[in-house]
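>>> Sharing a sequence plus its predicted fold:
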Amino acid sequence: MTRRSKREIDHALDELDDPEQFTLQAYLLADLKGYYGGDLSRGERRLLENPEAHLPTSAVRRLGNLGGSQ
């Protein structure tokens, strides 16, 4: 498999794992994954960069109560 085809497959998989709305659990797991140096999907990176755009309002409030970024 060439690097390009692997990238294309990874990109296609990222798009499948790219929901419009994430859960608070998904945010916390992505944050933990990033903290320990794991490879984040495109959706996970976007979620961590801008949680307000990808989490329901109630989850953003709960995240603020936990001391996370808001």
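That came through fine. None of these values were measured; they are calculated from a predicted model.

>>> now the helices: where do they sit in this protein?
3-16, 24-35, 42-49, 51-54, 57-66 (DSSP state H).

>>> And the average pLDDT for the last one is what?
Read that as helix 57-66. Averaging the model's pLDDT scores along helix 57-66 yields 89.

>>> Pull out the buried residues from it.
Residues of helix 57-66 classed as buried by neighbour count (16 or more other Cβ atoms under 10 Å): 59, 60, 63. (Each C-beta comes from the backbone N, C-alpha and C, glycine too.)

>>> likewise the fourth one?
Of the residues in helix 51-54, 51, 54 count as buried by neighbour count, 16+ other Cβ under 10 Å.

>>> From the chain's centroid, how far away is it?
10 Å (Cα atoms, centre = their mean, to the nearest Å).

>>> if we can go back for a sec, mind putting the buried residues of helix 57-66 in TSV, distance to residue 38 included?
Compiled in TSV, the buried residues of helix 57-66 are given as follows (distance: Cβ to Cβ, whole Å):
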residue	distance to residue 38
59	21
60	23
63	20
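
>>> Distance check, residue 46 against residue 4.
According to Cβ to Cβ, to the nearest Å, residue 46 and residue 4 sit 23 Å apart.

>>> who's more crowded, these two?
Remark: of residue 46 and residue 4, residue 46 carries more neighbours, 16 against 8, as counted by other Cβ atoms under 10 Å.
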